[in-house]
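> Sequence and predicted structure are below.
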Amino acid sequence: MEAVEVIMLRIYVHRLCHTSIRLLRILHEKKIGDIKIVDIGQNPLALVSMGIVSVPAVEVDGSIIDFGPIDPDNILSIIAEEKKISLSPIEDAIEAIYKEILDNLFIALTIYLRGSIALVFEYRPIVDKIRSRMNERIV
C-alpha cells in the first residue's frame, strides 16, 4: 500500500475581506477539504506577530506560502501538488517580485515612501513568498 502525503493547510481570513471570501468560496466549490480556517478578526495581532500584514494568508505544512491578494489557481495547484515548468527563471523571479509589489498596497506604499525597493528583500515574509512562487515553477 502506497503512503499518501497529506498537506496541512491553514488559511487566515477576515470575514469582511473580499479576497478571503472569494478564496474560501472557490475552495468550497472545488470540494477541497481538510482546511483549517482561522478568522483573524478574533485576534488580528496573531497574524501581524507572524510578519503578515494582509489576508488571506495561506499556510502549508507550517510555512506561509502566500498572503495578501492571492491567485486562487496558484493555491489550488499547490494543494494538488502540480508543479509548473519554468522556461526563464530570471524572468519568473522578476515577475514574482513585481507581482508581489503590485499585489500588496502596504509594500508598494512603503517602497514609494522609502524610495527604495530594498524592503522587498528585507521583509522575510515577502522573500519566503517569492521563494515559494519560484519553487512552484521548478519541476
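Perfect, I can see it now. Residues are numbered from 1 along each chain as shown.

> His14: neighbour count?
Applying other C-beta atoms under 10 Å, we find 19 residues neighbouring His14. Where you see a C-beta, it was placed from the backbone N, CA and C, and this is true even at glycine.

> Run through the residues that contact Met8.
36, 59-62 (C-beta atoms under 8 Å, 6 or more residues apart in numbering).

> now, which of the residues you listed lie within helices?
Among those, no member falls in helices (DSSP state H).

> So among the residues you listed, which ones count as buried?
Buried subset of the contacts of Met8 (neighbour count, 16 or more other C-beta atoms under 10 Å): 59-60.

> Quickly list the domain ranges of this structure.
9-79, 89-136 (automatic domain parsing).

> Let me see the ranges of the strands in this structure.
9-13, 35-39, 57-60, 63-67 (DSSP state E).

> hmm, back to that, the domains of the chain: lowest mean pLDDT?
Between the domains of the chain, the lowest average pLDDT goes to domain 89-136, which shows a mean of 75.

> coming back round to it: next, format the contacts of Met8 as CSV and append distance to Glu100.
CSV is the format used below for the contacts of Met8 (distance: C-beta to C-beta, whole Å):
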residue, distance to Glu100
Lys36, 25
Glu59, 17
Val60, 18
Asp61, 21
Gly62, 21
